[in-house]
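Novice: Here is a sequence with its predicted model. Questions after.
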Amino acid sequence: MSGLVQQLHCQAIAMSVLLAVMDNFMPQDEQGRMAFSESHMKCFDKIEVDIASNRENYKSKEFPKSISEITRKGPANLYNILHGEAPASSEDRWELLETQSESLSPQSESDQSSLPPPYSSIITIPPSIASLPPQPKRPTPFPPLSSLTPWKLSTSQGLQRSLDSLHRTRNAPAIGIALVSAKGTETLVTGVRKIGNPTPALPTDLFNISVASGLMTMTVLARLIDRGLLSWTSTLPTILPDFAELLHPAHVHTTVEMFGAQLSGISDSIEIAEDAKLWPYLQDPSVSGYEGRRAVLLSYLRKPPSNPPGRDAYKWNWVNRLIVGHIIETVTGRTYEEAMQAELFGPLGMRSAGFGLPDNIRNASSPDPIQPFPHSPSATGPPDALSPGLTRSTNPPALRPGDGIHASLSDLCTFLRVSLFGPRDKLHGQLLSKASWEKLFRSSVGRNETAASLRKVQRDWAKGTAFSENGTSGGFSASFWIAPRVDKAFLCVVNMDGTAGDTVADEAVLLCTRY
């Protein structure tokens, strides 16, 4: 019954909207009114056909008997039955009529006489409705007509259809979206956890967020700066004293902010460092993330950077993120993973957040995947699912400060929301000081990249400045955008790496900007 009532309610709203539009454009002379009405009869005829269909399918229910009743009586009766409000007509204008009734129970015949005209003469309650027992007050009434745009009521459904279409055309295993706006948060997902297996991906699944992990790392660094444990201008000799004697002179004056903003001048690939011997060491299962990060610092900080540090030295590199991660470890006395849990995941209530691939071993051994599987694109067919050993080799634990965090879409919404609103976020706005929130999203030393190494760009849909980061690694790709001027943020994840996965994530973000 509730579905039928809502359907009738929407029909009434549609008719009322149509009448309101006609009122605004109706010619003043009688002949013009007649011509205008006749030109819109197709719309009225369509509504009449729909009502006839409802009457046929629900023969036991009471319905208006003609199109004329629907255009005047129908909306009035439906509003009265649903929540004690009815559209009133005055000189062919339709408005909401306030009544003394606040319940769903229909008015008796004696009550009808007290209604202002013209409803005292036209409102009739069908016997099947009048015999219903009184109902409690509806806790959340339908919104008033003035606040509705019926043609846009299915925004999330439209985005879901667009996401499904993108999934089909791009041959991606699964795509997940986390959306945040001033109106709330939403998560959407499409596809399967693993190519070749029908198990669908779910909004509660855990996705690796690739390089989007970097903003989380920088947020924790900002918390430690707020606490006075270091500053944005701190240098390595003061915060990493055990490395002081090993530092090459070119790194002595490089600040924490410069490492965070990727302005250290370091650009050499980590895969070829130390004659390509460092990377196999990081891949060794017996080497922890902490040990791996210290090895990276020993390798890079003892030699000069490729370019002099500073505003002209921007080059994204894993090493900068790993140095920030080890700074966090040194300052807190905890491993990076422990510090992230204590300083970010715990305070934000991100219970699903963790490191590496979620349930990696159990996921690989289960007949049906229990979490999204990592994939790499194939040049000849569907993407290839990656084995646990291969994913560790492409994404060892040492890299987690820049690429190694996983979480559910819902928890990602929590982080996006606090990043978008900062001190305005009522739940977690106190995570950082206002100055630190601004610092993370402020251009660093005159560049378009911020202190958190986010790209700062201008976009029409953002009505100005937007911040973004994207990347791909270890079988996953991610792209996120934060647009403060329109109070919107999006994060899109795909369980496929490479250029193909990166492209799908970016295209999913583009879909978000259209809704």
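Specialist: Right, received. Where do you want to start?

Novice: Which residue ranges of the stretch 101-250 of the chain form helices?
Specialist: 109-112, 119-122, 127-130, 155-170, 213-226, 236-239 (DSSP state H, counting those that start in this stretch).

Novice: which one of those is the most hemmed in?
Specialist: For those, average neighbour numbers computed from mean count of other C-beta atoms under 10 Å are highest in helix 213-226, which has a mean of 23. Glycine gets a C-beta too; all of them are placed from N, C-alpha and C.

Novice: Check which helices and strands it is in contact with.
Specialist: Contacts defined by 3 or more C-beta pairs under 8 Å, 6 or more residues apart in numbering; DSSP states H and E place helix 213-226 against helix 256-260, helix 318-332, helix 336-340, helix 409-421, helix 434-440.

Novice: I'd like to check the angle between it and helix 409-421, please.
Specialist: Taking axes from the mean of the first three to the mean of the last three C-alpha atoms, to 10 degrees, one finds helix 213-226 and helix 409-421 inclined to each other by 50 degrees.

Novice: Give the rounded mean pLDDT of helix 213-226.
Specialist: Rounded to a whole number, the mean pLDDT of helix 213-226 is 96.

Novice: Which of the helices of the stretch 101-250 of the chain sits closest to F480?
Specialist: Between F480 and the helices of the stretch 101-250 of the chain, the tightest spacing by C-beta to C-beta is seen for helix 213-226, at 7.8 Å.

Novice: And the contacts of that closest one?
Specialist: 230-232, 256, 260, 321, 324-325, 327-328, 331-332, 336, 339-340, 343-344, 400-405, 415, 419, 431-433, 436-437, 439-440, 451-454, 469, 480 (C-beta atoms under 8 Å, 6 or more residues apart in numbering).

Novice: Next: stretch 342-350.
Specialist: 216, 219-220, 223-224, 332, 334, 351, 353, 407, 411, 414-415, 418, 428, 431.

Novice: domain assignment for this structure?
Specialist: The chain resolves into domains spanning 2-146, 161-513 when parsed by automatic domain parsing.

Novice: which of these has the lowest average pLDDT?
Specialist: The minimum mean pLDDT among the domains of the chain belongs to domain 2-146 (a mean of 49).

Novice: before we move on, the earlier item: redo the helices and strands packed on helix 213-226 as JSON lines? Include distance to D359 and mean neighbour count.
Specialist: Rendered in JSON lines, the data for the helices and strands packed on helix 213-226 read as follows (distance: least, C-beta to C-beta, whole Å; neighbours: other C-beta atoms under 10 Å):
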{"stretch": "helix 256-260", "distance to D359": "31", "mean neighbour count": "24"}
{"stretch": "helix 318-332", "distance to D359": "23", "mean neighbour count": "24"}
{"stretch": "helix 336-340", "distance to D359": "16", "mean neighbour count": "22"}
{"stretch": "helix 409-421", "distance to D359": "16", "mean neighbour count": "24"}
{"stretch": "helix 434-440", "distance to D359": "31", "mean neighbour count": "17"}
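
Novice: got those helices as CSV, with distance to Y290 columns?
Specialist: Compiled in CSV, those are given as follows (distance: least, C-beta to C-beta, whole Å):
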stretch, distance to Y290
helix 256-260, 18
helix 318-332, 6
helix 336-340, 7
helix 409-421, 24
helix 434-440, 25
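
Novice: Y281 is nearest to which of those helices?
Specialist: For Y281, the closest of the helices and strands packed on helix 213-226 is helix 318-332, at 13.6 Å, according to C-beta to C-beta.

Novice: angle of the closest one against helix 213-226?
Specialist: Per the same axes, to 10 degrees, the angle that helix 318-332 makes with helix 213-226 is 30 degrees.

Novice: which other helices and strands contact helix 318-332?
Specialist: With contacts defined as 3+ C-beta pairs under 8 Å, 6+ apart, helix 318-332 has these neighbours: helix 213-226, helix 236-239, helix 256-260, helix 289-301, helix 336-340.

Novice: Tell me which helix or strand the residue nearest to S210 when sequence neighbours are not counted sits in.
Specialist: Taking C-beta to C-beta, 6 or more residues apart in numbering as the measure, S210 lies nearest to A478, with 4.0 Å between them; neighbours along the chain are not counted. The secondary structure element spanning A478 is strand 476-483 (assigned by DSSP states H and E).

Novice: D403 now?
Specialist: No secondary structure element spans D403, as it lies outside all helices and strands (assigned by DSSP H and E).

Novice: coming back round to it: relative to P249, which of the helices and strands packed on helix 213-226 is closest?
Specialist: helix 256-260 (15.4 Å).

Novice: Check which residues of the next helix or strand after that closest one are buried.
Specialist: Along the chain past helix 256-260, the next helix or strand (assigned with DSSP H and E) turns out to be helix 273-276. Taking 16 or more other C-beta atoms under 10 Å as the basis for neighbour counts, the residues of helix 273-276 that come out buried are A273.

Novice: picking that back up, including distance to P358, could the helices and strands packed on helix 318-332 go into a markdown table?
Specialist: Shown next, in a markdown table, are the helices and strands packed on helix 318-332 (distance: least, C-beta to C-beta, whole Å):
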| stretch | distance to P358 |
| --- | --- |
| helix 213-226 | 14 |
| helix 236-239 | 32 |
| helix 256-260 | 27 |
| helix 289-301 | 16 |
| helix 336-340 | 14 |
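
Novice: related to what we said a few turns ago, now the residue nearest to S210: how far from E469?
Specialist: Taken as C-beta to C-beta, to the nearest Å, the spacing of A478 relative to E469 amounts to 8 Å.

Novice: Could you count how many residues lie near the nearest residue to H326 once chain neighbours are set aside?
Specialist: The spatial neighbour of H326 that comes closest, neighbours along the chain excluded (C-beta to C-beta, 6+ apart), is R293 at 4.6 Å. The criterion is other C-beta atoms under 10 Å. On that basis, R293 has 27 neighbouring residues.

Novice: Thanks a lot, see you next time.
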